[in-house]
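J.: coordinates for the following, if possible.
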Amino acid sequence: MDNELLYHFFSDDDFLDISNEIKRMEKITAGEIRVAIKEKANFSKRKSSVKDLATDEFYKLGMADTRDKTGILIYILLSKREFYILADSGIDEKVEQSTWDNIRNEMQNVFKHGLYLDGILITIKKVGTILSEYFPIKEDDTNELSNKVVV
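T.: Purely as a prediction, here's the structure:
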C-alpha cells in the first residue's frame, strides 16, 4: 500500500509520539483510546459516511470488547479531511456525542494551521481527561487494546 499521503502529514516519530500520549492518558483512565489514520476509504466503502467508516474500524479493532465498554476511537480520513470520534456504549451513557464532536472540531481547527501531530496530541489529552473524570483508572486495570496508531 502506498502511504504517500500519510507521510505527507506524519512521520514515524509522530506515530510514536501519538502512541506515547495514549499510554500517558491511559494511566489516568480505565478508558481505551485508539487512533486510526486512513488515507482513503476502501473502494467498496468510498460512499460511506465518516461515522460509518469509524464504526467499521471500531469493530474491526475489537474495541467493543473492552471490559467496561470504554473504548474510544479517534478516526481520521485524510483524503476527505474528515474526522470522527466514536465512543463505546459505556462512555455514551455518561458523555454526549456532542462533547466528542466539539473536540473533533477543535482538532480540525488545529489541522487547518498545518499542526497535524499537535492536533492529535491535544485531542488525545482532552479525550483522556474527560474519560478520567467518568472512568478513573482502576486498581486492577489492564491495557486491553494496543496503543499503536492504526494506519
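J.: helices of the chain, residue ranges please.
T.: Under the criterion DSSP state H, the chain contains helices at 4-9, 12-25, 50-60, 89-92, 97-112, 116-134.
J.: would you turn those helices into CSV with mean neighbour count?
T.: Every C-beta, even on glycine, is put in place using the N, C-alpha and C of the backbone. What follows is these, written out as CSV (neighbours: other C-beta atoms under 10 Å):
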stretch, mean neighbour count
helix 4-9, 13
helix 12-25, 16
helix 50-60, 17
helix 89-92, 17
helix 97-112, 15
helix 116-134, 19
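J.: now distance to Ser146 and mean pLDDT too, for those, in a markdown table please.
T.: Listed next are the helices of the chain as a markdown table, based on distance: least, C-beta to C-beta, whole Å; pLDDT from 0 to 100:
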| stretch | distance to Ser146 | mean pLDDT |
| --- | --- | --- |
| helix 4-9 | 18 | 88 |
| helix 12-25 | 8 | 97 |
| helix 50-60 | 13 | 97 |
| helix 89-92 | 19 | 97 |
| helix 97-112 | 21 | 96 |
| helix 116-134 | 14 | 97 |
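J.: pick out the residue closest to the middle of this structure.
T.: The residue lying closest to the centre of the chain (C-alpha atoms, centre = their mean) is Ile74, at 1.9 Å.
J.: would you mind measuring from that residue to Asp140?
T.: Relative to Asp140, Ile74 is positioned 26 Å away (criterion: C-beta to C-beta, to the nearest Å).
J.: cool, and Lys47?
T.: In this structure, Lys47 and Asp140 are separated by 44 Å, where distance is defined by C-beta to C-beta.
J.: one step back: what pairs with the residue nearest to the centre of the chain across the strands?
T.: Counting by DSSP bridges, Ile74 forms beta bridges with Val35, Ile85.
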